[in-house]
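Trainee: Predicted model, plus sequence, below.
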Amino acid sequence: MFTAKETRARRAARNRYQIARKANGRARLSVHRSGKHIYAQVIDDKQGKTIVSASTLEKDMRGKMKTGANKEAAKTIGQLVAERAIKAGIKEVVFDRGGNIYHGRVKELAEAARAAGLSF
């Protein structure tokens, strides 16, 4: 039997393998969800560099939100990372849910990024 941590890592690896196959040179919107915060970053895998990022740990975000662990915070971060990516010249990405299921905070972040102009 695998532990929950190992199972999540296997799901993430499986997801990233499929993303790499289908990316066609597009950047990757990666999401990490912890118990207290949510993080999103747009990564160029060819260069191995993070282009833009946003999280609930940023100083200006802390004052706006009561907590970083709810759907409202995820929606805010999704909009913010999409705005920053578009400003950096990236409009098309592939979505990397990072082993999490597409539900709750991860889904809210993705839908907010789409609504703000990112295409995936």
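Mentor: Received, thanks. What you are looking at is a predicted structure, and each value in this text was computed from that prediction instead of being measured. Numbers count the residues shown, from 1 in each chain.

Trainee: for the helix or strand of the chain with the lowest mean pLDDT, which positions count as buried?
Mentor: Ranking every helix and strand in the chain by mean pLDDT, DSSP states H and E puts helix 59-64 at the bottom, with a mean of 88. Applying a neighbour-count criterion of 16 or more other CB atoms under 10 Å, the buried positions in helix 59-64 are residue 61. From N, CA and C alone the C-beta is placed, and that goes for glycine too.

Trainee: got a list of contacts for that helix?
Mentor: Outside helix 59-64, the residues that touch it by CB atoms under 8 Å, 6 or more residues apart in numbering are 54-56, 68, 73, 76-77, 80.

Trainee: which stretches of the protein form strands?
Mentor: Using DSSP state E, the strands found in the chain span residues 27-33, 38-44, 49-55, 93-96.

Trainee: what's the closest of those strands to residue 102?
Mentor: Of all the strands of the chain, strand 93-96 sits nearest to residue 102, with 8.5 Å by CB to CB.

Trainee: Tell me the gap between the closest one and the middle of its chain.
Mentor: Its chain's C-alpha centre and that of strand 93-96 lie 8 Å apart, by CA atoms, centre = their mean, to the nearest Å.

Trainee: Stretch 35-49 too?
Mentor: Stretch 35-49 sits 6 Å away from the centroid of its parent chain (CA atoms, centre = their mean).

Trainee: Over to stretch 17-26?
Mentor: 16 Å.

Trainee: same thing with stretch 85-101?
Mentor: Using CA atoms, centre = their mean, the offset of stretch 85-101 from its chain centre is 6 Å.

Trainee: got the angle between the longest helix seen in the chain and strand 27-33?
Mentor: Secondary structure of the chain per DSSP state H: the longest helix is helix 4-22. Counting by axes from the mean of the first three to the mean of the last three CA atoms, to 10 degrees, helix 4-22 lies at 170 degrees to strand 27-33.

Trainee: If anything else comes up later, I'll come back, but that's it for now.
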